[in-house]
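Asker: the following block contains a protein sequence and its predicted model.
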Amino acid sequence: MKISPEEVKKIGKLAKITLSEDEVKKMSKDLTAVLDYVEKLDEVKTDKVEPTSQVTGLLNIRRKDKVDYDFEQSDMLDSAPEAEGNLIKVKKIFDD
Amino acid sequence: MIKELRAKLDSGETSSQKLVEEYFDNIKKLDKDLNAFISADKEKALERAGVADKTIKKGEADMLTGIPFATKDNYCVKHYKTTAGSKILEDYKPPYSATAIKKLEECPLLGKTNCDEFAMGASGENSAYGPTKNPHGHDHVAGGSSSGSAAAVAAGMAPFALGTDTGGSVRLPASFCGIVGLRPTYGRISRYGIIAMASSLDVVGTLTQTVEDAAIVLDNLAGQDSLDSTTPPIKKDDYLKEIEKDIKGMKIGVPIEYINAEGIDEKVKKEINEAIAKFKDMGAEVEEMSLPHTEYAVATYYIIVSSEVSSNLARYDGVKYGLRIPGETLEQMYTDTRTIGFGWEVERRILMGTFSLSAGYQDKYYQKAQKVRTLIKQDFDKAFKKYDILLTPTSPTPAFKLGEKTKDPLSMYLMDVFTAPSSLAGVPALSVPAGSVDGLPIGLQLIGPQFGERRILRAGHKLLP
């Protein structure tokens, strides 16, 4: 299966990554090569096989309803790119 | 190595601060060539060593008190630059430390080691801070993604180091650098505070000079953590005691799919045969067996990893921490931050994962890979009903040259051919050094059942001279 340059641009939009025209071409080639390789999974019969999403066998891990971490608010704000008072600042989300 | 340092510290022959000075001398001398460290803070290390020295003087030292170490730069260390090998986290100083780092509180941290960006790579060449060189040949890669941790230990710039292993990222560099690399069972060590790559596969791993050292560090780190719900309440073993037991009667399987794999170096085969002979001499029963779905592991692995990567790395949006490229709009800020902040391999995996999870393709790729993963895991479940451990090469070849595989993503992905299957199954695996080809080390891999670290550590300890 081929991932066309148009397809790469579309996926890029979903993933919020912009590529230059040259990069789009290269990415299309790279992803097509990888997809060609993974097609080999079609050889495996899996009709009656359950998918594995994790290997621990653990289910529904709960914890007590109490705060259990030791972050300083000032540290959190210091690591933000832009802050004002006790708030992290970003561009407006809604149009006027 | 750790036990010897322990004895010297306890007898007063040396101190933790002296050790820190010695390791920093080595870092200063060697690291401009090797590029194993992204940052190294001597003041902080000496401060911690000073505290450790007081504990030692009081006679209250544990096995690791005062022993310096290094950690891969994808472990959060409070107020310590943590980049994960990426430009997007270039100036990031976490407000907290990973559980594994907290458990090593009495060990002075020498520095944070180089790695492929967000641990994505098999060579170390995807780091935004330049590749790490192999201490055994500077025009060769150190292996990845825990490239700096492996090179640091191999070159004597740290007595032990932490890494992470998703598809082979501890075992491969350990094998390329001629040291011991342990990937414990998925869930054995808490991952809280480690920068996530593929959450159903990522584990904390160790890079050490000896198997005994791997046992010591594992003993310190293993156990349940309320902050990581993938750690089950399973008791750890007394690994140091376990490695001393003999392996008489141990049943060892050698999967034919590995030893007959295409492109495997003849010398690697020879080392496997020597190990088989050695194990037999020690009274183990060794025979060939089959893991029939081995050839599908790399394809399965890359679909699952890319899918999880595309989800996990969605958090890097320029809002709460890390790089922000301000734009006209919020949308523009997200896109510019990610486009400028991520390197090519990370972008490639994010796009691959976005594709394999997108409408119309999810069943064909992601679901399919999850189903094949079940079959791969069943191969191992079945094998461990009959065998105590499995013996394989860690990699088909020794370290390759810098730049040799960067143009072809598939050839790089195939470096994980012997390490990805056990990762998918969630079982523990150990790489131990075994000979070399033209001066470049090669490694053997011992694979055990879930939470069977004691068995592979014991066999590995017996294998090394």
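Answerer: Thanks, I have the structure now.

Asker: setting aside sequence neighbours, what's the nearest residue to B:S169?
Answerer: B:S145 (4.1 Å; CB to CB, 6 or more residues apart in numbering or on different chains). C-beta: built from backbone N, CA, C; applies to glycine.

Asker: neighbours around that neighbour, how many?
Answerer: 36 (other CB atoms under 10 Å in any protein chain shown).

Asker: ends of stretch B:83-103, what's the gap?
Answerer: One end of stretch B:83-103 to the other measures 21 Å (CA to CA, to the nearest Å).

Asker: mind listing what's buried in it?
Answerer: Within stretch B:83-103, the residues that qualify as buried are B:83-89, B:92-101, B:103, counting by 16 or more other CB atoms under 10 Å in any protein chain shown.

Asker: over to stretch A:53-66?
Answerer: By neighbour count on 16+ other CB under 10 Å, the buried set for stretch A:53-66 is A:55-56.

Asker: pLDDT on that stretch, on average?
Answerer: In this model, stretch A:53-66 has a mean pLDDT of 87.

Asker: please see if that stretch touches chain B.
Answerer: Yes: contact of stretch A:53-66 with chain B (CB under 8 Å from any CB of the partner chain) involves A:53-58, A:61, A:63.

Asker: before we move on, back to that, just the ones in helices from the buried residues of stretch B:83-103, please.
Answerer: Residues of the buried residues of stretch B:83-103 located in helices (DSSP state H): B:99-101, B:103.

Asker: ok, the residue nearest to B:R48 when sequence neighbours are not counted - contacts?
Answerer: Spatially, and ignoring its direct neighbours in sequence, B:R48 is nearest to B:P108 (4.2 Å; CB to CB, 6+ apart). B:P108 is in contact with B:16, B:19-20, B:44-46, B:48-49, B:52, B:66, B:68-69, counting by CB atoms under 8 Å, 6 or more residues apart in numbering or on different chains.

Asker: and A:Q73, by the same measure?
Answerer: A:N86.

Asker: how close does the residue most central in space within chain A get to B:P232?
Answerer: By CA atoms, centre = their mean, the mean C-alpha position of chain A lies nearest to A:A15, the distance being 7.3 Å. Distance of A:A15 to B:P232, computed by CB to CB, to the nearest Å: 33 Å.

Asker: before we move on, back to that, was I right about the residue nearest to B:S169 contacting B:M120?
Answerer: Yes: using CB atoms under 8 Å, B:S145 is in contact with B:M120, at 6.5 Å.

Asker: what's the neighbour count on whichever residue of the stretch 101-250 of chain B sits closest to chain A?
Answerer: Closest to chain A within the stretch 101-250 of chain B is B:S229: 3.6 Å, counting by CB to the nearest CB. Residue neighbour count, defined by other CB under 10 Å, stands at 17 for B:S229.

Asker: ok but the residue nearest to B:S169 is inside a helix, no?
Answerer: No: assessed with DSSP: H, G, I helix; E, B strand; the rest coil, B:S145 is coil; it does not lie in a helix.

Asker: and the strands in the stretch 151-300 of chain B, which stretches?
Answerer: Here the stretch 151-300 of chain B has its strands, by DSSP state E, counting those that start in this stretch, at B:160-165, B:180-183, B:203-208, B:251-255, B:285-289.

Asker: of all those strands, which one is nearest B:A425?
Answerer: Nearest to B:A425, of all these, is strand B:180-183, at 11.3 Å by CB to CB.

Asker: show me what the closest one is packed against.
Answerer: In terms of contacts (3 or more CB pairs under 8 Å, 6 or more residues apart in numbering or on different chains; DSSP states H and E), strand B:180-183 is packed against strand B:160-165, helix B:171-177, strand B:203-208, helix B:211-221, strand B:429-437, helix B:453-463.

Asker: picking that back up, measure the residue nearest to B:S169 to B:Y316 for me?
Answerer: 17 Å.

Asker: same check on B:T82?
Answerer: When B:T82 is compared with B:Y316 (using CB to CB), they lie 13 Å apart.

Asker: joint contacts of these two?
Answerer: B:L89.

Asker: flag every buried residue along the element among helices and strands of chain A having the smallest mean pLDDT.
Answerer: Sorting the helices and strands of chain A by mean pLDDT, DSSP states H and E puts helix A:73-78 at the bottom, at a mean of 92. Going by neighbour count (16+ other CB under 10 Å), the buried part of helix A:73-78 is A:76-77.

Asker: nearest residue to B:K248 other than its sequence neighbours?
Answerer: Leaving out its chain neighbours, the residue that sits closest to B:K248 by CB to CB, 6+ apart is B:G283, at 3.5 Å.

Asker: pretty sure the one you found contacts B:I247?
Answerer: Yes: between B:G283 and B:I247 there is a contact at 6.8 Å, judged by CB under 8 Å.

Asker: the more surrounded of those two?
Answerer: Each of B:G283 and B:I247 has its neighbours counted (other CB under 10 Å); B:I247 has more, 19 against 11.

Asker: ok so, going back, ok, which of the buried residues of stretch B:83-103 also contact chain A?
Answerer: Okay, of the buried residues of stretch B:83-103 touching chain A (CB under 8 Å from any CB), that's B:92-96.

Asker: give the other helices and strands that the longest helix along chain A contacts.
Answerer: In chain A, taking DSSP H as the definition, the longest helix is helix A:21-38. For helix A:21-38, the packing partners by 3+ CB pairs under 8 Å, 6+ apart come out as helix A:5-15, helix B:297-312, helix B:344-356, helix B:409-413.

Asker: by how many degrees do the third one and helix B:297-312 diverge?
Answerer: If I follow you right, that is helix B:344-356. Put simply, helix B:344-356 runs at 90 degrees to helix B:297-312, going by axes from the mean of the first three to the mean of the last three CA atoms, to 10 degrees.

Asker: now check the helix or strand following helix B:344-356, is it near chain A?
Answerer: Later in the chain than helix B:344-356, the nearest helix or strand by DSSP states H and E is helix B:368-386. Yes: interface with chain A: helix B:368-386 contributes B:368-375, B:377 (CB under 8 Å from any CB).

Asker: ok, and what's touching helix B:368-386?
Answerer: Contact partners of helix B:368-386, identified using CB under 8 Å, 6+ apart, comprise A:38, A:41-42, A:44, A:46, A:49-53, A:55, B:251, B:253, B:255, B:289, B:291-294, B:296-297, B:299-300, B:303-304, B:307, B:356, B:390, B:421-422, B:424-427, B:447-449, B:452.

Asker: next, the angle strand B:285-289 makes with that helix.
Answerer: Using the same axes, to 10 degrees: helix B:368-386 against strand B:285-289 is 150 degrees.

Asker: pLDDT of helix B:368-386, averaged?
Answerer: Here the average pLDDT along helix B:368-386 is 98.

Asker: what packs against the helix or strand following it?
Answerer: Next along the chain after helix B:368-386, taking DSSP H and E as the criterion, comes strand B:389-393. Counting contacts by 3+ CB pairs under 8 Å, 6+ apart, strand B:389-393 is packed against strand B:251-255, helix B:256-259, helix B:266-281, strand B:440-447, helix B:453-463.
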